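Visitor: got a predicted structure plus its sequence, pasted below:
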Amino acid sequence: MLRVPALRRLPIAYGWLAKRPIERAVEDAYVAPILRDAGVRRDTTAFLRGIDKRDTLAAAEQFGAFHKPVLLAWATEDRVFPPRYAERLAGAFPNARLERIADSYTFVPEDQPEQLADLILAEHRRA
């Protein structure tokens, strides 16, 4: 399906991840490796099959021990990772700051690149 650019805007592709169409060259760069390289497809499949929620939960249990600043830049309109997840994640870290990004879905770097860059720079200056 990702071979056909018009289908990339469907919800099962990028449709729920980016609020606006992603530039064609950028989309192509995202999908080219998996479309062209059997090794990339094999490794991606192995990685996805190897994901175990026990590992994720074990990692999450360690968040409270991480005391460095954490910036969570979260899209307010995210359908894949709703904002309530951001609030929960922010509460798990002792030094987290949640910044809500309006007019964006999951791919904040695509929808609001300038705002995200400004937040990262401001966080870097604080550190």
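Guide: Done, it's in. Numbers count the residues shown, from 1 in each chain.
Visitor: from residue 98, how far off is residue 87?
Guide: The gap separating residue 87 from residue 98 is 7 Å, by Cβ to Cβ, to the nearest Å. (Glycine included, C-beta is placed from N, CA and C.)
Visitor: how about residue 26?
Guide: 27 Å.
Visitor: so those two - more neighbours on which side?
Guide: residue 98 (16 against 13; other Cβ atoms under 10 Å).
Visitor: wait, a strand at that one?
Guide: Yes - under DSSP: H, G, I helix; E, B strand; the rest coil, residue 98 sits within a strand.
Visitor: could you check the pLDDT of the residue lying closest to it once chain neighbours are set aside?
Guide: Setting aside the residues directly before and after it, residue 98 is nearest to residue 90 in space (Cβ to Cβ, 6 or more residues apart in numbering), at 4.3 Å. In the prediction, the pLDDT value recorded for residue 90 is 97.
Visitor: with residue 6 instead?
Guide: Listed pLDDT for residue 6 reads 69.
Visitor: switch to numbering from 855
Guide: All right, first residue 855 from here; so that's residue 860.
Visitor: give me the low-pLDDT residue ranges for the chain?
Guide: Applying pLDDT under 70 to the chain picks out residues 855-856, 860.
Visitor: most distant residue from the centre of it?
Guide: Residue farthest from the centre of the chain, counting by Cα atoms, centre = their mean, is residue 892 at 24.5 Å.
Visitor: and the helices in the protein?
Guide: Here the chain has its helices, by DSSP state H, at 878-890, 892-904, 907-914, 937-946, 962-965, 967-980.
Visitor: can I get those helices in CSV including distance to residue 931?
Guide: Shown next, in CSV, are the helices of the chain (distance: least, Cβ to Cβ, whole Å):
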stretch, distance to residue 931
helix 878-890, 20
helix 892-904, 26
helix 907-914, 24
helix 937-946, 9
helix 962-965, 9
helix 967-980, 14
